[in-house]
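> I need the structure of the sequence given here:
(2 chains)
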2 protein chains.
Amino acid sequence: MIPAIDEIRRAAARIAPHAHRTPVMRCRSLDAMSGAELFFKCENLQRAGAFKFRGAVNAVLSLPAERAARGVASHSSGNHAAALALAARVCGVPCRVVMPRGAPAVKQAAVRGYGAEIRFCEPSLQAREQGLAELVADSGAAVIHPYDDEAVIAGQGTAALELVEEVADLDLLLCPVGGGGLASGTAIAAHGASPRTRVVAVEPAGADDARRSFRQGRLLLSVAPDTIADGLLTSLSERTFGIIRALVHDVVCVDDAAIARAMRLVFERMKLVIEPSAAVPLAALLEGRLRCAGQRVGIILSGGNVDLGRLATLDMDR
Amino acid sequence: MIPAIDEIRRAAARIAPHAHRTPVMRCRSLDAMSGAELFFKCENLQRAGAFKFRGAVNAVLSLPAERAARGVASHSSGNHAAALALAARVCGVPCRVVMPRGAPAVKQAAVRGYGAEIRFCEPSLQAREQGLAELVADSGAAVIHPYDDEAVIAGQGTAALELVEEVADLDLLLCPVGGGGLASGTAIAAHGASPRTRVVAVEPAGADDARRSFRQGRLLLSVAPDTIADGLLTSLSERTFGIIRALVHDVVCVDDAAIARAMRLVFERMKLVIEPSAAVPLAALLEGRLRCAGQRVGIILSGGNVDLGRLATLDMDR
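Below is the predicted model:
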C-alpha cells in the first residue's frame, strides 16, 4: 500500500537527466536564531521553480509509451500545471491543462511558455473536473493528479532522498503539507534512507486539515481554507493521509504572520526568493513549535514562484 | 603600480578561512534570452551579502598586528560599513564607522549587529571625512578605504579568480563599476589567470564617470550621479582608473529601466535576491550592448542587500 523507498530510488534514476540536483544551503544567522543547524534543500531552484517538477516528470516518464503518446492532462491553477507542462515538453509528449478563468496571467504564461494547451473553465472544482473529463474524452490523454498518484509521490520523495544522502545524521526533517504529495514522498525517503530522522509536516493554521486528520486518525477535509501559503490550500487524499499517518512523526501549524516573517528572513538573510508555502517549516522552527535546540534539521524549501507584488504586501506588514 | 595576480592569490589564501567560496549558478531561460552561456558568480550569497567582505577582510588581515590592535575605521553609508564591521569582528579587532545621519535603519542595524561603533555626521562628504579624521585622531584606528586600497582591490579580485578557476574558457567577464575596486580586482584576476577572457565593466548611465574617463583617457568625476544602483554612485580614484584603463577592455552603460528589468528577471527566473547594482551587467547583455552570441560569459552578481520595499517599486514599473 505504502510505496517503498525503492520506488523513490528508481524515480531518482529516471528523472536524473531532466531534474536539477538542487543545492543544500546553510545560513549562519538563521542557525543562530533557531539554535539548530539548518540544512535547506533549495527546491525553489528546481526547474519550473518548485519540487513539483520532480513528481510530474517521474509520472510522465512512468507512462507506457503508447499511453504517453496521447499526451497528459490535469487541472490546476498553480505550480502543478507549469511543472506538468515542462515535464511533458522534456518528454516530447503533448500536454493539456484545464485552468479556471481568472488564473493569474503569470501562471498562464508559464504554462503556455512550456508549450502546453490551456482549456479555460469556470472557477469551481466541479467545472475543473468536468473540463478535464471532456478533455480526456476528446484526446485520450493520461490524467496526472498533482498528488494522489504513486509516481508523483515517488518523484517528490527524490528531494528528501538527495538531502539525506548529502547531509548525514539529520535529527529532524521538515516539509510543508498541502495535498500531501511532498510530505508522503519525504516521509518514505527518510524512513527508508535515514531511519532515525524524525519527519514533521508543517501546515498553515488557515488550512489545517492534515493536522486535524492526523490527530483524529481519520481523513478530514479543509472547509474554506484561507492562508497566504496558496500552494497548501488543498486537502489530503486517502492515499497521502495513509502514508502520512504511518510515517510522519507529527503535523504542526503556524499562522500567516509567522509565515510572512519567515519568508522575509529567507529573503534578507539567505538572499533566496521563496513562495509563502516554502516558508512554512522555518516559521514553525522560529515560533518555537518544535524542539530543535542543538539538532541537525533539514528543511525542504519547496518552491519560489511568487509575484513581486506579493513581496510588497509582506513589507507593508512589517 | 598595478597589483599582480600573485597578490590576489595571496588574498585568496588569506581570506579562505573567513569568506564563503560562493556558488556559480546557471539559468536556462536567461541563456535563451541572451543567446549566450551565462555563469553567475553569486556574491549576493557572500557573508554580509556582498563581495565587499572579501576586500574588507583581506585589508584587515593584511595590517601589522600592532596596527590592527588599535582597530579599523571608515566612513560609509552602505555595504562597505557592514563588510568592514564583520571583517573586524572575525579578526577580533575594534571597528568604528562614520555614517551620515539618516542612513537607512537597516544598514545601521547591520553595522551594529556586527559589533561596530557608529559615529554619526551630517550627510556631506566633507562632514564624513572630518568625522573620520577626528575618530582616527582619537583612536589611532587604521582607515580602510572602500576601494582606493591595494589590499581591498586584491580581496575583491578573489571572486573573479574563483570564477575563472571553476569555469574554463570564459570569452567575456562582466562586473559592475562604481568606485572601481571590484572592476580593478576582476581585471587583474582575469588578466593573470584567464588571459584570453575579455573584461567589460558596466555602469549605470546616471553615474557614467568610468565610461567617460575610459573614453577620454583621463579621470573625470561624477557630478550629481542619479541611479537606482545605489552601490555605484561613487567615482573612480586615480588608482582604480589606472588599473581599469590598463586591463579592462571596455566600459558600457545601461539605464535604470534596463537595470530594474534585469533585477526582476533574476528574481523570477533564478529565484535570487540581488540589489540593483548587481543587475547592471546582465542589463547590458539583455539590452544588446555587448556582442555575446554563442559566447561563455561570466557575470559577478555583486550583492543582495536590498529592502523589500525597493522590490515593490520595481513591480510598480512593470
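
> Tell me the helices and strands packed up against the host helix or strand of residue A:279.
Using DSSP states H and E, residue A:279 falls within helix A:276-286. Contacts defined by 3 or more CB pairs under 8 Å, 6 or more residues apart in numbering or on different chains; DSSP states H and E place helix A:276-286 against helix A:28-34, strand A:172-176, strand A:198-204, strand A:250-254, helix A:256-265, strand A:296-301. Any C-beta I mention is one placed from the backbone N, CA and C, and that applies to glycine too.

> To chain B, which of the ones you listed lies closest?
Nearest to chain B among the helices and strands packed on helix A:276-286 is helix A:256-265; the distance by CB to the nearest CB comes to 6.6 Å.

> correct me, but residue A:178 touches residue A:276?
No: assessed by CB atoms under 8 Å, residue A:178 is found out of contact with residue A:276, at 11.5 Å.

> Would you mind listing the residues in contact with the closest residue to residue A:82 other than its chain neighbours?
Closest residue to residue A:82 apart from its sequence neighbours, by CB to CB, 6 or more residues apart in numbering or on different chains: residue A:110 at 4.3 Å. Residues near residue A:110 by CB atoms under 8 Å, 6 or more residues apart in numbering or on different chains: A:48, A:81, A:82, A:85, A:305.

> Please read off the pLDDT at residue A:2 from the model.
pLDDT for residue A:2: 84.

> For chain B, what's its nearest residue on the stretch 1-150 of chain A.
residue A:44 (4.6 Å).

> Return the residues in contact with the residue lying closest to that residue once chain neighbours are set aside.
Spatial nearest neighbour of residue A:44, excluding adjacent residues (CB to CB, 6+ apart): residue A:304 at 3.0 Å. Residue A:304 is in contact with A:44, A:45, A:49, A:50, A:272, A:273, A:274, A:275, A:278, B:271, counting by CB under 8 Å, 6+ apart.

> Let me know the pLDDT of the second one.
Listed pLDDT for residue A:45 reads 97.

> And for the last one?
Looking at residue B:271, its pLDDT reads 97.

> Thought residue A:273 was touching it, still the case?
Yes: using CB under 8 Å, residue B:271 is in contact with residue A:273, at 4.2 Å.

> Serialize the contacts of residue A:110 to JSON lines and add fields for neighbour count and secondary structure.
Formatted as JSON lines, the contacts of residue A:110 follow (neighbours: other CB atoms under 10 Å in any protein chain shown; DSSP: H, G, I helix; E, B strand; the rest coil):
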{"residue": "A:48", "neighbour count": "25", "secondary structure": "helix"}
{"residue": "A:81", "neighbour count": "28", "secondary structure": "helix"}
{"residue": "A:82", "neighbour count": "29", "secondary structure": "helix"}
{"residue": "A:85", "neighbour count": "27", "secondary structure": "helix"}
{"residue": "A:305", "neighbour count": "27", "secondary structure": "coil"}
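
> Serialize those residues to JSON lines and add fields for pLDDT.
Below are the contacts of residue A:110 laid out as JSON lines (pLDDT from 0 to 100):
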{"residue": "A:48", "pLDDT": "94"}
{"residue": "A:81", "pLDDT": "94"}
{"residue": "A:82", "pLDDT": "95"}
{"residue": "A:85", "pLDDT": "97"}
{"residue": "A:305", "pLDDT": "92"}
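
> Farthest pair within those residues?
Farthest apart among the contacts of residue A:110 by CB to CB are A:85 and A:305. That separation is 13.2 Å.

> Domain-wise, how is chain A divided?
What automatic domain parsing lists as the domains of chain A is A:5-50+A:149-311, A:53-143.

> Compare those and say which comes out lowest on pLDDT.
Of all the domains of chain A, mean pLDDT reaches its minimum on domain A:53-143 (a mean of 93).

> quick one on the thing from earlier: number of nearby residues for the residue of the stretch 1-150 of chain A closest to chain B?
Using other CB atoms under 10 Å in any protein chain shown, residue A:44 has 25 other residues around it.

> any idea how far it lies from residue B:167?
Distance, residue A:44 to residue B:167, using CB to CB, to the nearest Å: 23 Å.

> same thing with residue A:134?
Per CB to CB, residue A:134 is found 50 Å from residue B:167.

> quick one: which of these two has more around it?
Between residue A:134 and residue B:167, counted using other CB under 10 Å, the more crowded position is residue B:167 (19 against 13).

> The more buried one is in contact with residue B:296, isn't it?
Yes: at 7.2 Å, residue B:167 counts as touching residue B:296 under the criterion of CB under 8 Å.

> which residues do the two both contact?
By the contact definition CB under 8 Å, 6+ apart, residue B:167 and residue B:296 are jointly contacted by residue B:39.

> related to what we said a few turns ago, let me see the contact set for the residue of the stretch 1-150 of chain A closest to chain B.
Taking CB under 8 Å, 6+ apart, we find residue A:44 in contact with A:50, A:272, A:273, A:274, A:275, A:278, A:301, A:302, A:303, A:304, B:271.

> How about the second one, nearest residue that isn't a chain neighbour?
Closest residue to residue A:272 apart from its sequence neighbours, by CB to CB, 6+ apart: residue A:266 at 5.4 Å.

> what number of residues lie near residue A:246?
Around residue A:246 there are 13 residues (other CB under 10 Å).

> Just give the closest residue to it, not the sequence neighbours.
Nearest one to residue A:246, counting by CB to CB, 6+ apart, is residue A:2 at 6.0 Å.

> dump the residue contacts of the nearest residue to residue A:225 once chain neighbours are set aside.
Take residue A:225 and drop its neighbours on the chain: the residue closest to it by CB to CB, 6+ apart is residue A:207, 3.6 Å away. Listed by CB under 8 Å, 6+ apart, the contact set of residue A:207 reads A:178, A:222, A:225, A:226, A:227, A:229, A:232, A:233.

> separation between residue A:207 and chain B?
24 Å (CB to the nearest CB, to the nearest Å).

> what does residue A:235 give?
28 Å.

> Surely that residue is in a strand?
No: if the criterion is DSSP: H, G, I helix; E, B strand; the rest coil, then residue A:235 is coil and not within a strand.

> Let me see the backbone angles for residue A:37.
When read as degrees, to the nearest 10, the backbone of residue A:37 gives phi -100, psi 110.

> Same check on residue A:109?
As for residue A:109, its main-chain torsions (degrees, to the nearest 10) stand at phi -60, psi -40.

> swap in residue A:61?
The phi/psi pair for residue A:61 (degrees, to the nearest 10) reads phi -70, psi -20.

> go on, the one 3 residues further on?
Comment: the main-chain dihedrals of residue A:64 come out as phi -60, psi 150, following degrees, to the nearest 10.

> ok, it - how many residues close by?
8.
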